[in-house]
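Novice: structure of the sequence below:
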Amino acid sequence: MTVHIIEDDYGVADALATLLSGVGHDTVCYPDAESFFEAAPPAAGDVVIVDLGLPGLSGVQVVRWLDEMRNPPRVIVISGQSNANIRNIISELRPVVFLRKPLSEELIVPHL
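Specialist: You can find the predicted model right below:
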């Protein structure tokens, strides 16, 4: 399983990659949705962690694209926005795991 991290904040992406590598997962980081879309698509057994507040194409657009895959990967949506804002944004999406930043190993690993 590979964990694809789509996060524009380099510090957050690096910290997540380090944390997840430390518990045995392969990780790939993308600074934006566009670079994620240019790469090979994730496998059904992979996990995609996507920030809602990406520049350019939004995290919502990434989740919608993943949803259209024949065998979509698991998706974890992350954000530092308020719960009320996020619930409004993700209410139109298929059920996804939503986690608020800052993230910790205890918070994220059970969803992998």
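Novice: ok, how many other residues are close to Tyr10?
Specialist: 10 (other Cβ atoms under 10 Å). From N, CA and C alone the C-beta is placed, and that goes for glycine too.
Novice: wait, what's in contact with the residue lying closest to it once chain neighbours are set aside?
Specialist: Nearest non-adjacent residue to Tyr10, counting by Cβ to Cβ, 6 or more residues apart in numbering: Pro31, 7.3 Å away. Contact analysis of Pro31 by Cβ atoms under 8 Å, 6 or more residues apart in numbering lists Glu7, Asp8, Tyr10, Ala13.
Novice: can you check Leu19 too?
Specialist: Residues in contact with Leu19 (Cβ under 8 Å, 6+ apart) are Leu103, Glu105, Ile108.
Novice: which of the residues you listed sits closest to Gly45?
Specialist: For the contacts of Leu19, the residue nearest Gly45 by Cβ to Cβ is Ile108; the value is 17.3 Å.
Novice: sec struct for that closest one, please.
Specialist: Following DSSP: H, G, I helix; E, B strand; the rest coil, we place Ile108 in the helix state.
Novice: what average pLDDT does stretch 81-98 get?
Specialist: Stretch 81-98 shows a mean pLDDT of 75.
Novice: please write out the alpha-carbon positions of that stretch in PDB.
Specialist: Backbone C-alpha positions of stretch 81-98 (Å, rounded to 0.1, in the frame of the first residue of the first chain) are rendered in PDB as follows:
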ATOM      1  CA  GLN A  81     -10.600  25.000   8.700                       C
ATOM      2  CA  SER A  82     -13.500  25.000  11.200                       C
ATOM      3  CA  ASN A  83     -15.600  21.900  11.500                       C
ATOM      4  CA  ALA A  84     -18.700  23.800  10.300                       C
ATOM      5  CA  ASN A  85     -17.000  24.900   7.100                       C
ATOM      6  CA  ILE A  86     -15.600  21.500   6.400                       C
ATOM      7  CA  ARG A  87     -18.900  19.600   7.100                       C
ATOM      8  CA  ASN A  88     -20.600  21.900   4.500                       C
ATOM      9  CA  ILE A  89     -17.900  21.300   2.000                       C
ATOM     10  CA  ILE A  90     -17.700  17.500   2.400                       C
ATOM     11  CA  SER A  91     -21.400  16.900   2.800                       C
ATOM     12  CA  GLU A  92     -21.800  16.700  -1.000                       C
ATOM     13  CA  LEU A  93     -19.100  14.000  -1.300                       C
ATOM     14  CA  ARG A  94     -19.200  10.300  -0.700                       C
ATOM     15  CA  PRO A  95     -18.500   9.400   3.000                       C
ATOM     16  CA  VAL A  96     -14.800  10.000   3.600                       C
ATOM     17  CA  VAL A  97     -12.700  10.100   6.700                       C
ATOM     18  CA  PHE A  98     -12.200  13.700   7.800                       C
END
